[in-house]
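Enquirer: no sequence for this one, just the structure:
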């Protein structure tokens with residue numbers, strides 16, 4: 001006799017009561033190691049990254065609707081430590097980053113070591129897949145990967161989140177990063193993922209009207225709710241970027257650097273997570289509550 005399908009989690013598992021998303025990301029890997037390396041002379045070990053991710057999860061998740069954690073460094077440790085606050089949804093990063101060409105992430109594949117049923121058993125309600133978009137690469141490869149990822153999530157009743165990231169072509173052709181952000185939304189935003197995570201047009205800088213216009217194009221291109229990430233956006237401009245995106249159809253954020261990057265290198269990380277990062281996350285949560293309606 002076949003096993004019954006697991007009860008499917010819904011987007012409410014990672015949303016605030018308002019329906020808005022105020023989600024924390026601590027799934028950065030070698031990029032986070034590089035951030036620590038800027039503040040110390042010695043090597044940055046895996047355990048140092050793990051401790052930071054567990055501590056950030058413990059201190060910040062009471063104020064987040066969900067937290068995204070990577071399997072490589074911290075997912076098991078976060079679960080074992082019971083670091084995720086009650087009411088905060090746990091998201092497993094299901095992507096394997098491939099470094100090269102001077103980039104921390106030059107390509108991505110589905111991390112086959114992340115078993116959907118197993119991470120659900122550990123408490124996950126969702127999985128996330130980062131997708132690299134280059135104008136000179138085969139779109140069918142990305143489309144097939146996203147479809148397979150969505151099916152893997154559905155097989156375990158998990159919410160599926162995709163995070164397309166625009167990168168420069170390798171063949172030297174002219175390209176427009178902002179147009180690429182919109183183009184990839186058209187390419188991948190209608191393939192069945194439950195939530196779309198987008199880069200902020202103009203990296204959150206420049207004319208408000210232009211940012212709104214491009215965010216509206218993402219809204220039109222994506223068939224699911226969508227949120228913004230904070231990479232590339234100056235931390236002091238991220239609340240503005242979230243506001244402009246939500247006024248143009250976004251439903252919140254899934255962000256790490258804008259919340260905790262400035263505390264890396266502190267002589268007391270725990271203190272600064274509480275005194276600097278918690279207020280930022282609280283203010284962002286209040287902001288999306290005021291802008292997003294069910």
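Expert: Noted; the coordinates are in hand. This structure is a prediction, so every number in the text was calculated from the model and none was measured. Numbers count the residues shown, from 1 in each chain.
Enquirer: pretty sure residue 8 is in a strand, no?
Expert: No. When classified by DSSP: H, G, I helix; E, B strand; the rest coil, residue 8 is found to be coil rather than part of a strand.
Enquirer: Please verify my assumption that it contacts residue 154.
Expert: Yes. Using Cβ atoms under 8 Å, residue 8 is in contact with residue 154, at 7.4 Å. No exception for glycine: its C-beta is placed from N, CA and C like everyone else's.
Enquirer: Between these two, tell me which one has more neighbours.
Expert: residue 154 (17 against 14; other Cβ atoms under 10 Å).
Enquirer: doesn't residue 128 make contact with residue 14?
Expert: No. Between residue 14 and residue 128 there is no contact under Cβ under 8 Å: 10.2 Å.
Enquirer: hey, what's in contact with both of the two?
Expert: Here residue 14 and residue 128 have residue 91 as joint contacts, going by Cβ atoms under 8 Å, 6 or more residues apart in numbering.
Enquirer: Quick check: phi and psi at the residue lying closest to residue 256 once chain neighbours are set aside.
Expert: Among residues not flanking residue 256 along the chain, residue 25 sits closest, at 3.7 Å (Cβ to Cβ, 6 or more residues apart in numbering). Phi and psi for residue 25, reported as degrees, to the nearest 10, are phi -120, psi 130.
Enquirer: Residue 25 pairs with what?
Expert: Residue 25 has these beta-bridge partners by DSSP bridges: residue 68.
Enquirer: what's the neighbour count on it?
Expert: Residue 25 has 28 nearby residues by other Cβ under 10 Å.
Enquirer: again, but for residue 287
Expert: Around residue 287 there are 19 residues (other Cβ under 10 Å).
Enquirer: And for residue 94?
Expert: 27.
Enquirer: could you pull out the strands for the stretch 1-150 of the chain?
Expert: Secondary structure of the stretch 1-150 of the chain (DSSP state E, counting those that start in this stretch): strands at 21-25, 66-70, 89-93, 95-100, 103-110, 124-133.
Enquirer: Tell me where the protein is predicted with low confidence.
Expert: Scanning the chain for pLDDT under 70 picks out the ranges 1-4, 294.
Enquirer: residue nearest the centroid of it?
Expert: The centroid of the chain falls nearest to residue 254 when counting by Cα atoms, centre = their mean (4.8 Å).
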